[in-house]
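In: sequence first, then the predicted structure, then my questions.
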Amino acid sequence: MVYNMVNLQAATSTENLRALEEVKDFCTTDLGRGGKERWTYHMLPEAALDVELHRMSNATSSTSVDSVTFQPCAAYAELNQDRYSIEEWELPGGVWQFTAIYDGHCGHDTVNYVHKRLPSMVRTSLQALLQSAPTTSPKPELVSEVLRNAVRRLDQSICSDLLDFLPHDHLTKMSDVQLNRHVSLRDSEWNTISARCTQGSTVLLALSDPLKKNVWILNLGDSIAVLGSRPLSGQWSATIINSIHNCSNPSESRRIQQEHQSEQACVCDNRVLGYLAPTRALGDTWLKVPSVYTRRAFAPHLQDWLPSRQVAQYASRILTPPYISNLPEVYHHSLDVSQRELFLILSSDGLQDLYDNHDTQLSDQEMADHWVGLVGRHMHSTTDMGSMKSNLALRLLRDAIGGDDTELVSRNLTLEMEDKWMDDITILVQRFQ
């Protein structure tokens, strides 16, 4: 055997110094998990942190709304399943403001569908109401009904597409061969329907009238809306507007257990059927229809993220559907912008999760007080610089991922890890002026 010898020159002291310079700002962490595994992150100087956070969160500002949407994991940055809407509608009586956050799960199809369809459905129904009303200031309960009906109709359209394509009585009579033939003949249509039925999206929206005398908040899922207010010469106060629709909410767990009495698995592991954290959502149709759809039709799509054994396990728990509700809760608040400063924070549950992971545990109200105090302090700040001065949602995000702790902020921005270390986060801050 012949060996080829390779002579390598030793690195010069200059090259060694250059190599050390390149890695001097890199650190490692075990994320508090213990064990031997470590992940690398890059310590950024303070001046670079805000610039990088602004870029990574797609921070934008309009006349009255600041927004961010954030997923720092490089492997998932393009897979952020949050969406949001900021729209102004010229309608009878003036300009209405519509803002919304849609938090998708298990894929992009349903959340994209909701993001595309819901605003136009609300606008069309609201316009019809305003045109039929004797005045341009309709009763608040009528606007609430417009919002509630739009959300339910959208969810029913997903289910109707399924039942039109594959009626229950047909499915139960079809052989496997017949079912496969039926699906393959309309493969593209079935892929669209089944994706929307096996994925889901929450929705949290706000609608304000032209004079900013009224705001309506609709919630379906586990996002949160917080209203900040203060007298023109007083202190800020925070009001949590909506209840959270997940199994950590005792009233939601009790509701499901009452609707499915004697089914121990209807809520287990703090999830619906042991599977889904939100108790109300658009889509997730496989948890709203008989289990035969899961066992025979949806299984291939669910297996994209669930082992076949688990699909069968969840299907066996579907006894008396639906388990996920499409009934949103709508809240109306009267506003008086002539006497009070007011702003509204809408956020997906990823923001709450970050505070839940802090060493100091905050109650929901303490967390809301903290957010409102932070935003209130910076609404008229003369010391904030750059993007933080103009975007209040970005200010909240910076606080959540570490605030003044530059090492923690650097870690959350630059961690080199293939799995997500935080949920998707979307924040809208709307100022009422």
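Out: Looks like it came in fine.
In: only C-alpha atoms for contact and neighbour calcs from this point on.
Out: Will do.
In: what residues sit buried inside the top strand by length along the chain?
Out: Secondary structure of the chain per DSSP state E: the longest strand is strand 94-105. Within strand 94-105, the residues that count as buried by 16 or more other CA atoms under 10 Å are V95, W96, Q97, F98, T99, A100, I101, Y102, D103, G104, H105.
In: for stretch 326-334, same thing?
Out: Quick answer for stretch 326-334 (16+ other CA under 10 Å): N326, L327, P328, E329, V330, Y331, H332.
In: now that stretch: average pLDDT?
Out: The average pLDDT within stretch 326-334 is 98.
In: next one: it to chain centre, how far?
Out: The chain centre lies 18 Å from the centre of stretch 326-334; the measure is CA atoms, centre = their mean, to the nearest Å.
In: try stretch 158-172
Out: For stretch 158-172, the distance to the chain centre is 29 Å (CA atoms, centre = their mean).
In: all numbers from here: first residue = 57
Out: With the count now opening at 57, the last piece we talked about shows up as stretch 214-228.
In: from the contact counts, what lies against the longest helix seen in the chain?
Out: As assigned by DSSP state H, the longest helix anywhere in the chain is helix 196-221. On a contact count with 3 or more CA pairs under 8 Å, 6 or more residues apart in numbering; DSSP states H and E, helix 196-221 meets helix 165-188, helix 243-254, strand 270-276, strand 338-339, strand 385-390.
In: that one to strand 270-276, inter-axis angle?
Out: 30 degrees (axes from the mean of the first three to the mean of the last three CA atoms, to 10 degrees).
In: so how far is helix 196-221 off the chain centroid?
Out: Worked out by CA atoms, centre = their mean, helix 196-221 lies 20 Å from the chain centre.
In: elements contacting the helix or strand following that helix?
Out: Sequence order places helix 224-229 as the next helix or strand after helix 196-221, per DSSP states H and E. Where contact means 3+ CA pairs under 8 Å, 6+ apart, helix 224-229 is packed against helix 347-349.
In: on that earlier part again, just put the helices and strands packed on helix 196-221 in JSON lines and tack on distance to A371.
Out: Converted to JSON lines, these look like this (distance: least, CA to CA, whole Å):
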{"stretch": "helix 165-188", "distance to A371": "21"}
{"stretch": "helix 243-254", "distance to A371": "13"}
{"stretch": "strand 270-276", "distance to A371": "24"}
{"stretch": "strand 338-339", "distance to A371": "17"}
{"stretch": "strand 385-390", "distance to A371": "28"}
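In: deepest of the ones you listed, which one?
Out: Greatest average neighbour count among the helices and strands packed on helix 196-221 goes to strand 338-339 (a mean of 31), per mean count of other CA atoms under 10 Å.
In: the most centrally placed residue in the chain - nearest residue in space that isn't next to it in sequence?
Out: By CA atoms, centre = their mean, the chain has its centre lying nearest to D159, at 2.7 Å. In space, and not counting its chain neighbours, D159 is closest to D138: 4.5 Å by CA to CA, 6 or more residues apart in numbering.
In: kindly report the same for G284.
Out: Using CA to CA, 6+ apart and skipping the chain neighbours, the partner closest in space to G284 is A294 (4.8 Å).
In: which residues does the strand or helix carrying that neighbour contact?
Out: Counting by DSSP H and E, the element that carries A294 is strand 293-296. The contact list for strand 293-296 (CA atoms under 8 Å, 6 or more residues apart in numbering) reads I280, A281, V282, L283, G284, S285, R286, Q421, A424, D425, V428, G429.
In: before we move on, what about stretch 203-223?
Out: By CA under 8 Å, 6+ apart, stretch 203-223 touches 170, 173-174, 177-178, 181, 246, 249-250, 252-253, 274, 338-339, 341, 382-386.
In: give me the mean pLDDT for it.
Out: Here the average pLDDT along stretch 203-223 is 98.
In: same check, this time on stretch 344-362
Out: Per-residue scores along stretch 344-362 average to 88.
In: ok, stretch 106-116 next?
Out: The average pLDDT for stretch 106-116 rounds to 96.
In: buried ones in that stretch?
Out: In stretch 106-116, counting by 16+ other CA under 10 Å, buried: D106, L109, H110, M112, S113, A115, T116.
In: picking that back up, need the contact list for the residue nearest to the centre of the chain.
Out: Here D159 is in contact with Q137, D138, R139, V167, S257, T258, V259, S279, S404 (criterion: CA under 8 Å, 6+ apart).
In: wait, a strand at W145?
Out: Yes. Secondary structure of W145 (DSSP: H, G, I helix; E, B strand; the rest coil): part of a strand.
In: quick one: it from L484, how far?
Out: 18 Å (CA to CA, to the nearest Å).
In: the more surrounded of those two?
Out: Comparing W145 with L484 by other CA atoms under 10 Å, the one with more neighbours is L484, at 29 against 14.
In: so that one, which of the three states?
Out: Applying three-state DSSP: L484 is strand.
In: relative to L407, how far out is it?
Out: L484 is 11 Å from L407, by CA to CA.
In: V199: which of the helices and strands packed on helix 196-221 is closest?
Out: With CA to CA as the criterion, V199 lies closest to helix 165-188 of the helices and strands packed on helix 196-221, at 7.1 Å.
In: what helices and strands are in contact with the closest one?
Out: Checking 3+ CA pairs under 8 Å, 6+ apart, helix 165-188 ends up next to strand 138-147, strand 150-161, helix 196-221, helix 243-254, strand 256-264, strand 338-339.
In: could you dump these into TSV and include distance to S120?
Out: As requested, the helices and strands packed on helix 165-188 are exported to TSV (distance: least, CA to CA, whole Å):
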stretch	distance to S120
strand 138-147	10
strand 150-161	10
helix 196-221	22
helix 243-254	33
strand 256-264	12
strand 338-339	28
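In: where does the prediction get shaky in the stretch 107-256 of the chain?
Out: 133, 192 (pLDDT under 70).
In: and V428, what element?
Out: helix 420-435.
In: contacting residues around that helix?
Out: In contact with helix 420-435 (CA under 8 Å, 6+ apart) are residues 282-284, 292-296, 411, 440, 445, 448, 451-452.
In: just stretch 228-246 next, same as before
Out: Counting by CA under 8 Å, 6+ apart, residues outside stretch 228-246 touching it are F221, L227, V348.
In: skip the chain neighbours and tell me the closest residue to the second one.
Out: Of all residues not flanking L227 in the chain, L235 sits nearest, at 7.4 Å (CA to CA, 6+ apart).
In: many thanks, we can stop here.
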